[in-house]
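3D model of this:
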Amino acid sequence: MKEQTYTRVYVIRHGQPDYKFDENGEKLAYGSEIGLSKIGKEQIIELSARIPNLDAIYSSTFVRAIETAKIIINQKKLGLKIIEKPNLIDIVSKGTIGLPLDKLSIGEIESKMSEGDETLEDLERRILPAFKDIFDKERGKTVAVVSHGHSIRLMALRILEKNKSELSSISINKLQSYNYLNPGEAWYIVLDENNQVVDYKIMARLDTITPGRRQDVKFNPVF
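Numbers count the residues shown, from 1 in each chain. Below you'll find the predicted structure:
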C-alpha cells in the first residue's frame with residue numbers, strides 16, 4: 001500500500017504591530033507600512049522555536065508580514081527567500097486608518113468605506129485562491145504562510161471549518177468569532193495528497209487569552 005504523503009502548513013499571523021496612538025492613548029487602525037513592535041518581534045522569535053525546518057515561506061507584501069517572515073528565516077537559519085504574494089495581504093480598508101482600533105473592533109464605531117476598499121466578498125475572491133495555490137504548489141512539503149487577521153479568519157471559516165454562511169450575513173467584527181488568531185500565533189494544518197484538511201490546531205502564544213470559538217478546536221496529530 002502506498003504511504004500517505006502529507007502537506008504541513010503553518011499559517012502565521014504577523015507579530016504585534018508597532019501601534020500608533022492618539023492623544024487619548026487609543027490605538028489607531030493602521031495601514032500596510034506599519035512594522036512590528038519590539039513585543040511583536042519577540043512573539044515571532046518564540047513561535048519560531050516551535051516551527052520545524054521549512055521547505056518554503058510565503059508572505060503578504062505588508063511590512064509587518066515581511067518582517068515576520070525574515071525573523072523566522074533568521075531564527076531557523078534557513079537558506080530560503082521569501083515568496084511574496086500580494087493576495088495574502090489583509091482586507092483593504094483605507095477608510096478605517098487613523099480611527100480608534102478598539103472601538104472599531106467592538107462595533108462601537110462604524111468602519112468608513114474609501115475608494116478601493118474591499119468587502120468580505122472581495123477578500124474571499126482573492127484570499128482563498130491564494131491559499132489553495134500554495135497548497136497545490138507545495139504538496140507533500142512543510143511550509144509557512146505569513147498573513148493577517150481578517151485574511152486568516154476567512155481562510156479558517158471556509159477551508160478549516162467548511163462554513164458556507166453567506167458573507168453578507170457576517171460583519172467584519174463578527175468574523176472575529178471564527179477561530180481568531182492573536183498576533184504572533186499560527187494555524188498548523190495537515191493536508192492529504194488530495195489537499196483535503198486532515199487535522200489542524202492553533203499554536204497559541206503562552207500569554208494568550210482565548211476568545212471566540214477557539215476552545216472548541218480539536219486536534220489529533222497525523223504523523
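
What's the mean pLDDT across stretch 163-182?
In this model, stretch 163-182 has an average pLDDT of 69.

gap between the two ends of that stretch?
This stretch, stretch 163-182, spans 21 Å end to end (C-alpha to C-alpha, to the nearest Å).

One more: stretch 72-85?
OK, stretch 72-85 end separation, C-alpha to C-alpha: 17 Å.

list the buried ones in that stretch?
Across stretch 72-85, burial judged by 16 or more other C-beta atoms under 10 Å covers Ile72, Ile73, Lys76, Leu78, Leu80, Ile82, Ile83, Lys85. C-beta coordinates here come from the backbone N, C-alpha and C atoms, glycine included.

For Ile127, state which of these is nearest.
Relative to Ile127, the closest of these is Lys85; by C-beta to C-beta it sits at 10.1 Å.

quick one, strands of the chain?
Using DSSP state E, the strands of the chain run over 7-13, 20-21, 27-28, 56-59, 83-84, 142-147, 186-191, 197-203.

Which among these is found nearest to Thr119?
Here strand 142-147 is closest among the strands of the chain (C-beta to C-beta), at 18.1 Å.

Determine the set of other helices and strands touching the closest one.
Counting contacts by 3 or more C-beta pairs under 8 Å, 6 or more residues apart in numbering; DSSP states H and E, strand 142-147 packs against strand 7-13, strand 56-59, helix 63-76, helix 120-137.

Could you say which of those is packed most deeply?
Greatest average neighbour count among these goes to strand 7-13 (a mean of 24), per mean count of other C-beta atoms under 10 Å.

between that strand and helix 120-137, how big is the angle?
Relative orientation of strand 7-13 versus helix 120-137 (axes from the mean of the first three to the mean of the last three C-alpha atoms, to 10 degrees): 140 degrees.

where does the protein have low pLDDT?
1-4, 105-108, 112, 169-179, 208-223 (pLDDT under 70).

if we go to 80?
The chain contains residues with pLDDT under 80 at 1-4, 21, 25, 27-31, 95-115, 163, 165, 167-180, 206-223.

Which two among the buried residues of stretch 72-85 are spaced furthest apart?
Lys76 and Lys85 (20.0 Å).

Let me see the residues that make contact with stretch 94-103.
For stretch 94-103, contacts defined as C-beta atoms under 8 Å, 6 or more residues apart in numbering pick out 19, 22, 26-31, 104, 109, 111-117.

Among the residues you listed, which lie within helices?
Leu104 (DSSP state H).

Now a ChimeraX select for only the buried ones of the contacts of stretch 94-103.
Entered in ChimeraX, the line below selects the buried ones among the contacts of stretch 94-103, by 16+ other C-beta under 10 Å:
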select :27,28,29,30,104,111
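
gap between the two ends of stretch 152-162?
14 Å.

got the buried residues for that stretch?
Ile152, Arg153, Leu154, Met155, Ala156, Leu157, Arg158, Ile159, Leu160, Glu161.

Touching, the fifth one and Ile189? I think so.
Going back to what we said before, that points to Ala156. No. Ala156 is beyond contact range of Ile189, at 9.4 Å (criterion: C-beta atoms under 8 Å).

before we move on, back to that, reformat the helices and strands packed on strand 142-147 as a markdown table; add distance to Tyr200.
Formatted as a markdown table, the helices and strands packed on strand 142-147 follow (distance: least, C-beta to C-beta, whole Å):
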| stretch | distance to Tyr200 |
| --- | --- |
| strand 7-13 | 9 |
| strand 56-59 | 18 |
| helix 63-76 | 19 |
| helix 120-137 | 13 |
